[in-house]
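Engineer: give me the fold of what follows.
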Amino acid sequence: MSIQNSKPLILTTTVGSYPVPDWLMASPSEQGLMDATRVVVDIQRQFGIDLPTDGELYRFDMNHPDTNGMIEYFIRPLGGIRAEVGRQDWQAFSEKHSMSFRSKPAGVVEQEIGEGSLNLVVDCERLIAIAGENVKFTVTSPYMLARTLLDNHYHDFEVLLFELARVLSSQIADLNCHCIQIDEANIPGNPQDGTIAAKAINIVLDAVQGEKAVHFCFGNYGGQVIQKGSWLALVSFLNQLRCDHLVLELAHRPDNDLDALKDISTDIRLGIGVIDVKINHVETADQVAMRIEEAEKKLNRGHVGWVHPDCGFWMLKRSVADRKMEALVAGRNKYLGL
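Structural biologist: I've put the predicted structure just below:
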């Protein structure tokens, strides 16, 4: 049964990541991971989050803490990609200026890309075994992954992009949780690639069996904004996506960014960020309620279906992340009079 049938008109969710507990970091194990995932899901449900995530705890990479493993977790297991990056690879990637904030590629494409040992099904089934099917599982967009690779095989970005989309879609077809969310933090700074990015993301979305969500933000690289741009430049791109709802960064954005969303198709429910994850200050319920009210006034009433943080919580202290979740739900409830 869809959660929309028994929940408020505006639902709450988290974006994906949660701070890795110190005890799991100190002594990682499969049992410890399962215990920590239970904690993360239970905390979200205790605060009243309608659609929780697993916190992405198993993706954290100590060598790449600024991106919380959202790239390497997907790239390193893939077949046809060399994870060991040498000096010349580093230099070749840097000369492309493909990502201004990243000079080292996540991998080098040397052969046709295959799924290799990537196994999203196992990680999704772990979450379902712990929390049931009423959860959200996150997957990094093929466009964002493609931008991090040094391609020594296809020598064609679009071919590389669609190959990654093909591999991801083949696994996503077997995920049985309520919602799959595609994460994309690079296209907001590269709207000129909107058409090909939308085609690739739609290949992945078309494989989803349940609710289809896409998260966009302007980057959260160690708490820093890394993409310049605006939602206005992305409206046409967003309207091309075959998703059920969007998960958009707005709390840390200029006020006029909200105005651009009036032109998003009403067939796509809007998720608006009302919690700023780039600061430690904890919002009050009144502030959250006011942000929701402002969005509903500027947009078509009923278009906003979700409220959430701007991005994942991985860089915050657990105590701060928990209080922000509490404020999120309290603010939503205050706005709806619950």
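
Engineer: show me where the stretch 151-300 of the chain has helices.
Structural biologist: 157-172, 194-205, 235-239, 257-260, 285-298 (DSSP state H, counting those that start in this stretch).

Engineer: lowest average pLDDT across those?
Structural biologist: Of all these, the minimum mean pLDDT falls on helix 257-260 (a mean of 90).

Engineer: which residues touch that helix?
Structural biologist: Under the contact criterion Cβ atoms under 8 Å, 6 or more residues apart in numbering, helix 257-260 has outside partners 230-232, 234-235, 250, 272, 294-295, 298-299. All C-beta atoms are positioned from the backbone trio N, CA, C, and that covers glycine.

Engineer: 10 Å instead?
Structural biologist: 218, 229-235, 238, 248-250, 270, 272, 291, 294-295, 297-299 (Cβ atoms under 10 Å, 6 or more residues apart in numbering).

Engineer: on that earlier part again, the helices of the stretch 151-300 of the chain: which one's closest to residue 125?
Structural biologist: helix 157-172 (11.9 Å; Cβ to Cβ).

Engineer: tell me the contacts of residue 15?
Structural biologist: 53, 56, 136, 138, 181, 183, 213, 215, 217, 220, 247, 249, 271, 273, 275, 277, 308-314.

Engineer: and with 7 Å instead?
Structural biologist: 215, 247, 308-309, 311-312 (Cβ atoms under 7 Å, 6 or more residues apart in numbering).

Engineer: now for the spatially closest residue to residue 280 that is not a sequence neighbour, how many residues are close by?
Structural biologist: In space, and not counting its chain neighbours, residue 280 is closest to residue 320: 5.4 Å by Cβ to Cβ, 6 or more residues apart in numbering. Other residues lying near residue 320 total 17 when counted by other Cβ atoms under 10 Å.

Engineer: return the distance of the residue nearest to residue 93 when sequence neighbours are not counted relative to residue 235.
Structural biologist: In this structure, residue 93 finds its nearest non-sequential neighbour in residue 105, 4.2 Å apart by Cβ to Cβ, 6+ apart. Separation of residue 105 from residue 235 (Cβ to Cβ, to the nearest Å) stands at 31 Å.

Engineer: so which of the two has more stuff around it?
Structural biologist: residue 105 (26 against 17).

Engineer: shaky segments in this protein?
Structural biologist: 1-6, 62-68, 97-101, 219-227 (pLDDT under 70).

Engineer: list the buried residues for stretch 173-183?
Structural biologist: The neighbour-count check on stretch 173-183 (16 or more other Cβ atoms under 10 Å) flags 175, 177-183 as buried.

Engineer: no wait, stretch 302-321
Structural biologist: Those would be 303-316, 318, 320-321, for stretch 302-321 by 16+ other Cβ under 10 Å.

Engineer: excluding chain neighbours, what is closest to residue 151?
Structural biologist: That would be residue 109: by Cβ to Cβ, 6+ apart, it lies 4.7 Å from residue 151.

Engineer: let me fix that, I meant to ask about residue 123.
Structural biologist: The nearest residue in space to residue 123 (Cβ to Cβ, 6+ apart) is residue 58, at 6.4 Å.

Engineer: among the contacts of residue 15, which are in strands?
Structural biologist: 215, 247, 308-309 (DSSP state E).

Engineer: quick one: contacts for the residue nearest the centre of the chain?
Structural biologist: Centroid-nearest residue in the chain, with Cα atoms, centre = their mean: residue 183, separated by 3.3 Å. Residue 183 sits next to 16, 70, 138-141, 215 when contact means Cβ under 7 Å, 6+ apart.

Engineer: the same query, at a cut-off of 8 Å, please.
Structural biologist: Residue 183 touches 15-16, 70, 138-141, 144, 214-215, counting by Cβ under 8 Å, 6+ apart.

Engineer: if I look at it, how far off is residue 129?
Structural biologist: For residue 183, the distance to residue 129 (Cβ to Cβ) stands at 23 Å.

Engineer: next: residue 216.
Structural biologist: Separation of residue 216 from residue 129 (Cβ to Cβ) stands at 30 Å.

Engineer: same question, residue 35
Structural biologist: Between residue 35 and residue 129 the computed distance is 13 Å (Cβ to Cβ).

Engineer: can you redo the helices of the stretch 151-300 of the chain as JSON lines with distance to residue 149?
Structural biologist: Compiled in JSON lines, the helices of the stretch 151-300 of the chain are given as follows (distance: least, Cβ to Cβ, whole Å):
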{"stretch": "helix 157-172", "distance to residue 149": "7"}
{"stretch": "helix 194-205", "distance to residue 149": "14"}
{"stretch": "helix 235-239", "distance to residue 149": "22"}
{"stretch": "helix 257-260", "distance to residue 149": "30"}
{"stretch": "helix 285-298", "distance to residue 149": "36"}
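
Engineer: which one of these lies nearest to residue 8?
Structural biologist: helix 285-298 (11.4 Å).

Engineer: for residue 93, pull up the helix or strand it's in.
Structural biologist: Using DSSP states H and E, residue 93 maps to helix 87-96.

Engineer: can you give me the strands in the protein?
Structural biologist: Going by DSSP E, the chain shows strands at 11-12, 79-82, 107-114, 136-140, 149-151, 179-184, 211-216, 245-248, 269-275, 304-309.
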